[in-house]
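Peer 1: one predicted model, sequence on top.
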Amino acid sequence: MPRMNCPNCGALNSESAQHCVRCGANLTAQRIPFRGGTPAPPKSVWQAIADWLAKPVDIDPRRILKSRQSLERPDTRVVPISIADGQQPPASQRIQPQPNRNGSAVLPYRTAVASSPLAPVPPSPSVMMPPVAAPSPEQLQPLAPGALLNYGDGRAYYSYLITSVARLTYSTYYNALDMVCRRCQTAVTYANATPPADLLCPHCNAPLQPVLIHEHAVAGQPAITPRIPELLELSRECPGILNHQALITYNRIVYAVLDHPGKWGVVVRGRQKRSLDQSLATVIQLGRLIEVLHSRGFTFAGKTSVLTESLVNVGGATELFLADLGVCELLAPDLMRAYRQRSADIVFLTELLVYLLMGRESTSGPLTAIPEPLAPIIQHATRGEYAAVGDLLRDFESLPVTQLPDRPLKPMHGQRTDAGRHHTVNEDTVVTFTFDKEQDRKTVPIAFYLIADGMGGHDAGNVASRTVYEVVTSTILNMQVLPDIHKSTRKLGADVSGDLLKHAIQEANAKLQRQAQARGNDMGSTVTAALLIGHLATVANVGDSRTYLLRRGRLEQITQDHSLVARLVDAQVIKPEQARYHPQRNKVYRSLGQKGDLVVDTFTVPLERGDRLILCCDGLWTMVEDRDIQRLVEQARTPQDACDALVAAANRAGGEDNISAIVVEMV
């Protein structure tokens, strides 16, 4: 078959092609016949080579040869960073990089391994997906637990102790411990490279903080390096992005250093299929984030594989969070190229939707299990017929929601609170109320459950928990419009309940602060709450009061404990059994009444018949292990029997604190 080269990028095309298969350039204006041999590379590549050759480079071959260390672990990496967050430690206590003769830091030798191709998809006559080339980036050999990752830019130096590794196909996650104390800014080192059991800074006794690090390789020098400060600020502004401490770019490696989110998991692990409603809600959420990135001049540019591995779940919720802004690229100034970048992001959203629905990747060709209303939208997206991400999201939002069953789920609950065996005053407050709302000639059950664990002593804790109960409950009851769960489209969104709970808890926090200032004490409270509307539960928490979901014989903690010890366990720095005896086990880093700018975690959980929610304070779960909580709830005949059994078990184990529990069963 006659072939020709694209005048723009040099790719091979059939002689009859109208547009280039690689870059989409118009081939009808100028046709360059293929002369045989190797096609000419794009001009941009030659220009890049010329620019590289023109740069003065001071190379010490002896230093390069010495830097090729053995791949045995543990090892230490030293890489210069483009941006570092935090203050500069004292010069005498910095972790110094290992410079060569010209003063630059040296990165140890890395070995590249081949990536695995995508799995084929069985044929179906429904929807045709565009060809997806199996990416083949270099994947770095991961660090082993016990290794140190050090870096600096001459102003500040950071050090992370790797505690565990999660290696994926195209990238690697590290649970790690920040070895630079955030209180005194001192680099912590130990003679045997092993931190003590208490994980405290030896200089100021402040706890060392866990972090999560995502590492991936890129094809060339990252263009985002000069704009890293903008990306770091964006991670603090957008709720769909995990907070980034730093983005490190070195040669063809990118590290995203994150505040550890607690329990986390990547979307590519497990490959569980999701319902259409859940999948659409997830994709719409990510699409809104991509809209923000486009408005700031960034794009994902179709980095499907690494980007998918950068999406994580936190806690027991279905929402996805972006864990690595280092996958971004800059939007091109050229309008046509920028249009192709935005189109690639739109195609990625459709591929992610298919992945969530099917539980596996999509490749070129037809797909099965695609609901009928989605077919035309996916076809429009793959043909490049959407001018912007917002156009795609509007079509997604206009799709009808899944009809609720004729007999809606009904919650049944029990509750119990007790002072415990070592206290005469119970500073916990337990709230439950339910009512029905008529919508579209159907009765929708609505329920609200809350446990507030007061802190402060001398009656301050009791006042604090009652204040939380009064403010949050009144806010919920005074709400003028409840989310319409029978709405014909999803334009109202599913965030109303989450926003309501956040607002109510933040109002309680503001009132607690005013009371604490007036009384001259440090009263505070933790809280966990669940708002149920039909089959959807919105769970919120601040502190270490918990909400669990018991479903089909599996107990899962939905909420995240806002305590240092919990983060150390989640980062696999310490084991769960060590947490019960850790000297910092009673310290929470987030609670009501302490700060004006309170962050409230919310989780959305679609419920099924037979599900049970368990809300409790730390006085229960510190006394009764999770496996015993599950056993007692499963053996109980009613939710009230389950609450009675849980409180009794906590008292038998010592009853060291106030004990509160709510058990909700969906029938």
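Peer 2: Yep, it's here.

Peer 1: which residues of the stretch 151-300 of the chain fall in strands?
Peer 2: 157-167, 171-178, 210-217, 244-250, 253-259, 264-266, 298-299 (DSSP state E, counting those that start in this stretch).

Peer 1: show me what the longest one pairs with in its sheet, parallel or antiparallel.
Peer 2: Just to be clear, that refers to strand 157-167. Its sheet considered, strand 157-167 pairs with strand 148-152 (antiparallel), strand 171-178 (antiparallel) by DSSP bridges.

Peer 1: any idea which of the ones you listed gets closest to G553?
Peer 2: Nearest to G553 among the strands paired with strand 157-167 is strand 171-178; the distance by Cβ to Cβ comes to 27.9 Å. In this view, the C-beta of every residue, glycine as well, is placed from N, C-alpha and C.

Peer 1: quick check: mean pLDDT across the closest one?
Peer 2: Across strand 171-178, the average pLDDT comes to 93.

Peer 1: so how far is it off the chain centroid?
Peer 2: Between the centre of strand 171-178 and the centre of its chain there are 14 Å (Cα atoms, centre = their mean, to the nearest Å).

Peer 1: got it, and stretch 466-480?
Peer 2: Distance of stretch 466-480 from its chain centroid, counting by Cα atoms, centre = their mean, is 30 Å.

Peer 1: pull out the buried positions in that stretch.
Peer 2: Residues T467, V468, Y469, V471, V472, T473, T475, I476 are the ones in stretch 466-480 that count as buried (16 or more other Cβ atoms under 10 Å).

Peer 1: again with stretch 262-281
Peer 2: Using 16+ other Cβ under 10 Å as the test for burial, stretch 262-281 gives G262, K263, W264, V266, V267, V268, R274, L276, Q278, S279, L280, A281.

Peer 1: what's the closest of these to V588?
Peer 2: Nearest to V588 among the buried residues of stretch 262-281 is G262, at 12.9 Å by Cβ to Cβ.

Peer 1: and for the nearest residue to A460 once chain neighbours are set aside, the neighbour number?
Peer 2: Closest residue to A460 apart from its sequence neighbours, by Cβ to Cβ, 6 or more residues apart in numbering: M523 at 3.8 Å. Neighbour count for M523, taken as other Cβ atoms under 10 Å: 26.

Peer 1: cool, the one 5 residues further on as well?
Peer 2: T528: 27 surrounding residues under other Cβ under 10 Å.

Peer 1: that one contacts N541, doesn't it?
Peer 2: Yes - the criterion here is Cβ atoms under 8 Å, and T528 meets it with N541 at 4.2 Å.

Peer 1: shared neighbours, the two?
Peer 2: Any residue near both T528 and N541 by Cβ atoms under 8 Å, 6 or more residues apart in numbering counts here, and that gives T547, T559.

Peer 1: how about the buried residues of stretch 262-281, which pair is most distant?
Peer 2: Maximum distance among the buried residues of stretch 262-281 (Cβ to Cβ): 28.7 Å, for G262 and L276.

Peer 1: isn't F321 up against L242?
Peer 2: Yes - using Cβ under 8 Å, F321 makes contact with L242 at a distance of 5.2 Å.

Peer 1: overlap in contacts of those two?
Peer 2: P261, V312, V314.

Peer 1: filter those residues down to the buried ones.
Peer 2: Buried among those by 16+ other Cβ under 10 Å: P261, V312, V314.

Peer 1: let's have those in TSV, adding distance to N205 and pLDDT.
Peer 2: Shown next, in TSV, are the buried ones among the shared contacts of F321 and L242 (distance: Cβ to Cβ, whole Å; pLDDT from 0 to 100):
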residue	distance to N205	pLDDT
P261	26	89
V312	32	91
V314	30	85
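
Peer 1: got these as CSV, with distance to Q415 columns?
Peer 2: Shown next, in CSV, are the buried ones among the shared contacts of F321 and L242 (distance: Cβ to Cβ, whole Å):
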residue, distance to Q415
P261, 30
V312, 34
V314, 28
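
Peer 1: return the member of the residues you listed nearest to G154.
Peer 2: Using Cβ to Cβ, the buried ones among the shared contacts of F321 and L242 come closest to G154 at P261, 30.4 Å.

Peer 1: what's near enough to touch the closest one?
Peer 2: Counting by Cβ under 8 Å, 6+ apart, P261 touches L212, L242, V312, V314, F321, Q560, D570.

Peer 1: apply 10 Å and report the result again.
Peer 2: By Cβ atoms under 10 Å, 6 or more residues apart in numbering, P261 lies in contact with 210, 212, 242-243, 312-315, 321, 323, 560, 567, 570-571, 601.
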